[in-house]
Each structure stands twice: as structure tokens, then as C-alpha cells.
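1. need coordinates for the following:
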Amino acid sequence: MRNRFDEQLALLNVELIKMGSLCELAVSNAMKGLFDGSEEMLNIAVDTDHEIDEKEKEIENLCLKLLLQQQPVARDLRVISSALKMISDMERIGDQASDIAEIAGIIKGTDAQTHTHLKKMSDAATKMVADAVRSFVDKDLKLAHQVMRDDDIVDEVFNKMRQDIIAFIRGGEASAELCLDLMMIAKYLERIGDHAVNIAEWVEFSILGEHLSREERYADK
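-> Numbers count the residues shown, from 1 in each chain. Down below sits the predicted model:
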């Protein structure tokens with residue numbers, strides 16, 4: 001019975017990795033569509049969001065089977081409940097990638113100075129998502145804590161982007177509509193980083209059975 005349970009837990013890890021990879025793909029394709037003006041990339045990002053929704057349902061069903069058909073001990077319960085929380089955040093990442101693609105469909109190909117900030121944000125946020133999922137699979141608490149720290153990078157670039165947008169509007173260098181659209185994309189990327197942090201926090205809970213304070217997390221640096 002335990003061997004069967006362990007096999008299903010291993011399958012859960014595989015499915016979570018697949019869902020995390022879909023999230024990375026959705027965000028990267030949405031941003032490629034923005035930077036390159038590729039309608040195809042934007043459509044792929046939206047389609048990938050649908051795949052993420054389906055993957056969420058598959059993992060939910062697997063978790064319910066583990067809970068109902070097996071007899072998980074306390075640690076197993078933490079792992080399964082954390083996985084359920086994680087896929088909710090990953091589903092939201094897919095939604096936000098789709099939202100980015102929708103806005104990018106309007107302004108795709110624009111040569112804005114802010115694209116440097118957006119690329120840095122998207123690269124950092126997608127790495128955070130990948131590292132958060134990997135920290136769960138590998139039970140790597142230090143990596144989970146690094147994901148939480150990396151959110152400072154996304155927030156810092158977001159603030160720089162906001163300052164640039166304000167300067168553009170004041171200087172009349174870009175239309176107010178374009179600036180608002182770019183700011184919305186930046187906000188979605190910032191939220192993706194936040195969701196990655198949420199995932200990392202559930203990794204922490206799955207390993208320790210509690211959430212540490214910020215001071216305790218930084219102590220392992």
C-alpha cells in the first residue's frame with residue numbers, strides 16, 4: 001500500500017513540474033509576442049493558459065485520490081495540501097500570462113524603453129516559478145527561501161518601471177494609453193512573482209509544518 005502511495009506522490013511531482021513548465025511557457029510566449037509583435041506567440045500563450053487549467057484539474061483529482069484512497073500520515077497531508085495550494089497559484093499565473101497576451105495584442109511590437117525593464121521582470125519571475133516548483137519536488141528549503149528573496153528583484157524593477165512611466169507621461173514621450181498598458185503588464189509580472197513566493201511559502205510549510213518569519217528565513221542565507 002505504501003509503495004503505491006509513494007508512486008502516486010512521485011507522479012504528483014511530475015505533474016507539478018509539467019504545470020510549472022506550462023506557466024513558464026505561457027509567460028515567455030506572451031512576452032515574446034509583445035517584444036516581437038508575433039500574433040502566433042500571443043495565441044500560444046492563451047492556449048497554454050487553457051492547458052494550465054486542465055492540468056490543475058488533473059492534479060486536483062490526483063490529490064483527492066491520494067487523500068481518499070490512501071492513509072496519508074501528517075507529513076504526507078502537508079505535502080498534498082501544499083500541492084493543492086500551489087496549483088491554485090500556478091493557475092493564476094496562467095491567467096495573468098493570458099492577460100498580458102491580451103494587452104500585448106494591442107501594443108505588440110512597440111519599441112518602448114520600458115521593454116528592458118519588462119524583460120528583466122519576466123525573466124526573474126519565470127525563474128522564480130521554476131525554482132519554487134523545483135524546491136517542492138527536491139524538498140529544498142533553501143531554494144524556496146531564495147525564491148522569496150528574489151521577489152525583491154522583481155519589485156525593484158517594477159518600481160523603476162513605474163518611475164520611467166511617470167517620466168514618459170510628464171515628458172509627452174508616449175501616449176497615456178500606451179503607458180497604462182505597459183504598466184498593467186508590469187503589474188501582472190509583479191503578481192506572477194508574488195504567486196511564486198506563495199508557492200515557495202507552501203513548500204516551506206510542506207517541509208516544516210509551519211511558516212517562518214522573514215528574519216528566520218534570512219538566517220539560512
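2. low-scoring pLDDT stretches of this structure, where are they?
-> Across the chain, the stretches falling below the confidence threshold (pLDDT under 70) are 1-2, 108-113, 218, 220-221.
3. tell me where it has strands.
-> Using DSSP state E, the chain contains no strands.
4. could you pull out the helices for it?
-> Assigned helices in the chain, in chain order: 2-36, 39-69, 74-107, 115-138, 141-171, 176-208, 214-218 (criterion: DSSP state H).
5. compute the inter-axis angle for the second one and helix 74-107.
-> Read it as helix 39-69. On the basis of axes from the mean of the first three to the mean of the last three CA atoms, to 10 degrees, helix 39-69 is oriented at 160 degrees to helix 74-107.
6. buried residues in helix 39-69, which are they?
-> If you call a residue buried by 16 or more other CB atoms under 10 Å, then helix 39-69 has these buried ones: 41-42, 44-46, 48-49, 52, 55-56, 59, 62-63, 66. Using the backbone N, CA and C atoms, a C-beta is placed for each residue, glycine as well.
7. same thing with the fifth one?
-> Neighbour counts using 16+ other CB under 10 Å place 141, 143-148, 150-151, 153-154, 157-158, 160-162, 164-165, 168-169 of helix 141-171 among the buried residues.
8. kindly report the same for the shortest one.
-> When neighbours are counted by 16+ other CB under 10 Å, the buried residues of helix 214-218 are found to be R217.
9. which other helices and strands contact that helix?
-> For helix 214-218, the contact count by 3 or more CB pairs under 8 Å, 6 or more residues apart in numbering; DSSP states H and E identifies helix 141-171 as packing neighbours.
10. if you set the cut-off to 10 Å instead, what comes out?
-> In this structure, helix 214-218 makes packing contacts with helix 141-171, helix 176-208, judged by 3 or more CB pairs under 10 Å, 6 or more residues apart in numbering; DSSP states H and E.
11. ok, back up a step: could I get the buried residues of helix 39-69 as TSV with distance to I106?
-> Formatted as TSV, the entries for the buried residues of helix 39-69 read as follows, by distance: CB to CB, whole Å:
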residue	distance to I106
M41	15
L42	10
I44	17
A45	14
V46	14
T48	20
D49	18
I52	23
K55	28
E56	28
I59	33
L62	38
C63	38
L66	43
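12. state the distance from L64 to I107.
-> Distance of L64 to I107, computed by CB to CB, to the nearest Å: 42 Å.
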